[in-house]
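S.K.: Take a look and give me a structure for this.
(one chain, ligands or ions: 1)
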Amino acid sequence: MKLLNKNLSKSKELYEFAQGFVVRGVHTNFKYMYPHPIYFQRAKGSKIWDVDGNEYIDCVMNFGPCILGHGHPKVIEAVKNRLETGLTVGLETELNIKVAKKLVEMVPSAEMVRFSNTGTEAIMHAIHIARGYTGKDKIIKVEGGYNGWYDDVLVSYRPPLKLAGPETSPNPVPDSGGLRVKDTLVIPFNNEEVAEKIIKKNKEEVAALIMEPIMFNIGCALPKDGYLKAIREITEENDVLLIFDEVRTGFRVAPGGAQQYYGVIPDLTVFAKAIANGFPLSAVVGKRDIMKVTDPVEGRVVYAGTYNANQIGVAAASATLEELSDGSVQKYLNESTQYLVKRFEEIAEDKGISARIQGIGGSFQVYFTDREVIDYRSTFHVDASKYMKFQKVMFDENIYFWPKHLFCHCISAAHTKEDLEKIINAMELAVSNI
Ligand code: PMP
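M.R.: Okay, here's the model as predicted:
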């Protein structure tokens, strides 16, 4: 089989042109791919079209947000209508209040809400709030977890094992130059004993533990039974706030987020991505007394941003949350994921290969490994080169998979049963060709 037999000449041309003035031709490093990025022109529902006219079933979905599908008519209409008002930024609106109220109704831990624009911004706010509330400086994050690109959290996302230290007390390893990392501690996922030890030892200095309840940033590692509850108890007992980063999990597994699905209530939560189906909006939500440290009259933590509650994002969120609130989208996504998992299991067994899909809520990853991925260190048993061969065939078959073996793929409510069959057929072919 000939791999990568697509015409991508226009993408290549654009890349070569862009290199003169856009670093590597991309505006986020995550969008760079070898030998060149692909440039897109159009998207609708489950499909995307690149500048060379190739059509794909999209399994990237803008790195997660487009939960209802690209260009969802109700979301687009809400945004268009909002633009007509002429209101852009710098003003509070009735719509901002209504959408915040909707979040309070949907999310179990949300007593108070504040909007911002991106996931990283909201994470920064949440950490400032936690520090302001507790009067402590340090934070704990999970090894292999991604919580945005700023100093406190761009730590030990992909630490080389030789720098990562022992599993029972991982070293904080900065993932980038230019960071000042001095207040971050790191724990492994799915290991409450180690978490308890590190939290207890540092409790006088630690303001918060921040974590994704499901580790989508290593593909998909699910919390083992009772793990999140144990973490909730340990943080509570030691006066450490628990921040759920629901930027990716948000609204995918249940209308109230992973916290509702697992029945664990954090102190603060950050949402972004699916909240506005691809338009920029994020939110920090949480308990009233904690959020009140940002009170502009009496609080001691600044909460600011020219574009906070931007009307495009808020309008998109108002239509998106309406679609997400009755649970039917999540039911479809959860069932579709289970179907993919089951069918892939059958294919792997039939072909006699060690591979699995781990997924939930329409987010999943194909791992070439003989064991479950439960945390960052277990990803070192995944065969990255097999995945790369697999991805090339998927791409050739017009299924847009990402060329990184620890990536989390997504489907949306717009992915039809027919799309799922096409994905499975391509997987079968791909598995036969690795
Ligand atoms: N948290 C998680 C779990 C994420 O997946 C991401 C983005 N991939 C972020 C935070 C940062 O969000 P943003 O890219 O909008 O800053």
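
S.K.: got the contact list for the residue of the stretch 301-434 of the chain found nearest the ligand?
M.R.: Closest residue of the stretch 301-434 of the chain to the ligand, CB to the nearest ligand atom: residue 408 (8.0 Å). For the C-beta atoms, the positions are set from N, CA and C on the backbone; glycine is no exception. Counting by CB atoms under 8 Å, 6 or more residues apart in numbering, residue 408 makes contact with 64, 216, 217, 219, 220, 248, 363, 364, 365.

S.K.: what's the neighbour count on the residue nearest to the last one when sequence neighbours are not counted?
M.R.: On the basis of CB to CB, 6 or more residues apart in numbering, the spatially nearest residue to residue 365 that is not a chain neighbour turns out to be residue 219, at 3.0 Å. Neighbours of residue 219 under the rule other CB atoms under 10 Å: 25.

S.K.: ok, now how distant is residue 219 from residue 195?
M.R.: 21 Å (CB to CB, to the nearest Å).

S.K.: My guess is residue 167 contacts residue 376. True?
M.R.: No - in this structure, residue 167 is not within contact of residue 376 by CB atoms under 8 Å, at 9.7 Å.

S.K.: if I look at the two, which residues touch both of them?
M.R.: Taking CB under 8 Å, 6+ apart as the contact rule, residue 167 and residue 376 both touch residue 188.

S.K.: if you count what's nearby, which of the two comes out ahead?
M.R.: residue 376 (27 against 14).

S.K.: if we can go back for a sec, for the residue nearest to residue 365, what are its contacts?
M.R.: Contacts for residue 219 (CB under 8 Å, 6+ apart) come out as 358, 364, 365, 367, 373, 379, 405, 406, 407, 408.

S.K.: pLDDT at the residue positioned nearest the centre of the chain, what is it?
M.R.: Closest residue to the average C-alpha location of the chain: residue 248 at 2.8 Å, with CA atoms, centre = their mean. Looking at residue 248, its pLDDT stands at 98.

S.K.: what separates it from residue 272, distance-wise?
M.R.: In terms of CB to CB, residue 248 sits 8 Å off from residue 272.

S.K.: Residue 257 now?
M.R.: 12 Å.

S.K.: hmm, back to that, out of the contacts of residue 408, which comes closest to residue 209?
M.R.: For these, the residue nearest residue 209 by CB to CB is residue 217; the value is 16.2 Å.

S.K.: Quick check: the gap between the residue of the stretch 51-200 of the chain found nearest the ligand and residue 284.
M.R.: Nearest residue of the stretch 51-200 of the chain to the ligand: residue 119, at 2.2 Å (CB to the nearest ligand atom). Residue 119 is 11 Å from residue 284, where distance means CB to CB.

S.K.: any residues in contact with both of the two?
M.R.: Both residue 119 and residue 284 are in contact with residue 270, where contact means CB under 8 Å, 6+ apart.

S.K.: can you give me the helices for this structure?
M.R.: Applying DSSP state H to the chain gives helices spanning 9-18, 73-84, 94-106, 119-134, 161-164, 192-202, 227-237, 258-262, 288-291, 311-324, 328-351, 384-396, 417-432.

S.K.: which residues sit against the third one?
M.R.: In other words, helix 94-106. In contact with helix 94-106 (CB under 8 Å, 6+ apart) are residues 82, 110-113, 115, 255-256, 271, 283, 285, 309, 311, 314-315, 317-318, 321-322, 324-325.

S.K.: how about a markdown table for the contacts of residue 408, with distance to residue 354 added?
M.R.: Listed next are the contacts of residue 408 as a markdown table, based on distance: CB to CB, whole Å:
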| residue | distance to residue 354 |
| --- | --- |
| 64 | 27 |
| 216 | 22 |
| 217 | 23 |
| 219 | 15 |
| 220 | 17 |
| 248 | 26 |
| 363 | 22 |
| 364 | 17 |
| 365 | 15 |
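
S.K.: From those, keep the buried residues only.
M.R.: Buried residues within these, counting neighbours by 16 or more other CB atoms under 10 Å: 64, 216, 217, 219, 220, 248, 363, 364, 365.

S.K.: quick one: which of those residues is nearest residue 188?
M.R.: Distance ranking of these against residue 188, using CB to CB, places residue 217 first at 14.2 Å.

S.K.: rewinding a little: buried members of the contacts of helix 94-106 into ChimeraX, please.
M.R.: Buried subset of these, written as a ChimeraX selection, criterion 16+ other CB under 10 Å:
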select :82,110,112,113,115,255,256,271,283,285,309,311,314,315,317,318,321,324
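
S.K.: and the ligand, which of the contacts of helix 94-106 contact it?
M.R.: With the criterion set as CB under 6 Å from any ligand atom, no member of the contacts of helix 94-106 is near the ligand.

S.K.: which residues does the residue lying closest to residue 423 once chain neighbours are set aside contact?
M.R.: Once flanking residues are discounted, residue 423 sits nearest to residue 399: 5.6 Å by CB to CB, 6+ apart. Applying CB under 8 Å, 6+ apart, we find residue 399 in contact with 56, 57, 59, 422, 423, 426.

S.K.: what about 10 Å?
M.R.: 56-59, 391, 393, 409, 419, 422-427, 430 (CB atoms under 10 Å, 6 or more residues apart in numbering).

S.K.: Name the residues that touch stretch 337-353?
M.R.: 220, 252-253, 354-364, 366, 368, 370, 383, 386, 409-411, 417, 420-421, 423-425, 427-432, 434.

S.K.: Give me the pLDDT value at residue 87.
M.R.: 84.

S.K.: these two touch, right, it and residue 81?
M.R.: No - counting by CB atoms under 10 Å, residue 87 does not reach residue 81; the two are 11.1 Å apart.

S.K.: Can you pull the residues that touch both of these two?
M.R.: residue 315.

S.K.: starting at the chain centroid, how far to stretch 112-125?
M.R.: The chain centroid and the centroid of stretch 112-125 are separated by 14 Å, computed with CA atoms, centre = their mean, to the nearest Å.

S.K.: start to end distance for that stretch?
M.R.: 14 Å (CA to CA, to the nearest Å).

S.K.: One more: stretch 153-167?
M.R.: End-to-end distance of stretch 153-167 (CA to CA): 19 Å.

S.K.: Right, I'll call it a day here.
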